[in-house]
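# Task: produce atomic coordinates for the following.
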Amino acid sequence: MKSLNRARAIRAALIGIVTIGSATFARADIKDYEFQLIDKTVKKGDAVITVRLVHKPDGKPVSDAVIFAKRLDMAPDGMETMKTTIELMQSTEPGVYRFRAAFTMEGGWQLSLGAKVQGEAGSIETKLVLKATP
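The predicted model follows:
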């Protein structure tokens, strides 16, 4: 009888350890991540756009995200068909992503990004608005 009770107690303890242990490895919701523009204005012509990817609950930068979609167009000014080239550049700062772009006109521009955060289900889709000035 004592060995049966001991076996039940061990089983209950193992279930508790597994339950508590799995809670510490829970992943964040993809909505807990956000791209933020570092500068909201750029000069017309060739320019660099810098954005930061952060984990919103703790404000920590997120490195090693995979950018799988990028687009830069003039949707804020009602010209979404007016798009330009955009190229991902190397960055040395954690959580900072840089893009080289040709701003052919002054006005409002929309940077659309699609990214995958390592270890998270789903992807981030963001639209950020910036302004090209003379």
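# Number of residues surrounding Lys40?
9 (other C-beta atoms under 10 Å). Heads up, the C-betas are built off the backbone N, CA and C, glycines and all.
# ok, now the one 10 residues further on?
Residues near Thr50, counting by other C-beta under 10 Å, number 16.
# So what pairs up with it in the strands?
Arg98 (DSSP bridges).
# That one reaches Ile38, doesn't it?
Yes: between Thr50 and Ile38 there is a contact under C-beta atoms under 8 Å: 4.2 Å.
# any residues in contact with both of these two?
Counting by C-beta atoms under 8 Å, 6 or more residues apart in numbering, the residues touching both Thr50 and Ile38 are Val96.
# Tell me, how many residues neighbour Ala121?
Neighbours of Ala121 using other C-beta under 10 Å come to 10.
# measure Pro94 to His55 for me?
Distance from Pro94 to His55, counting by C-beta to C-beta, to the nearest Å: 12 Å.
# Compare those two and say which one has the larger neighbour count.
Between Pro94 and His55, His55 has the larger neighbour count (other C-beta under 10 Å), namely 15 against 12.
# So Glu125 is in contact with Arg71, correct?
No: between Glu125 and Arg71 there is no contact under C-beta under 8 Å: 11.1 Å.
# Mind listing the shared neighbours of the two?
In contact with both Glu125 and Arg71: Ser112, using C-beta under 8 Å, 6+ apart.
# quick one, which of the two is more surrounded?
Neighbours per residue, other C-beta under 10 Å: of Glu125 and Arg71, the larger number sits with Arg71, 15 against 12.
# for the more buried one, helix, strand, or coil?
strand (DSSP: H, G, I helix; E, B strand; the rest coil).
# which residues touch it?
With C-beta under 8 Å, 6+ apart, Arg71 has these contacts: Lys83, Ile86, Gln110, Leu111, Ser112.
# Right, I'll leave it there.
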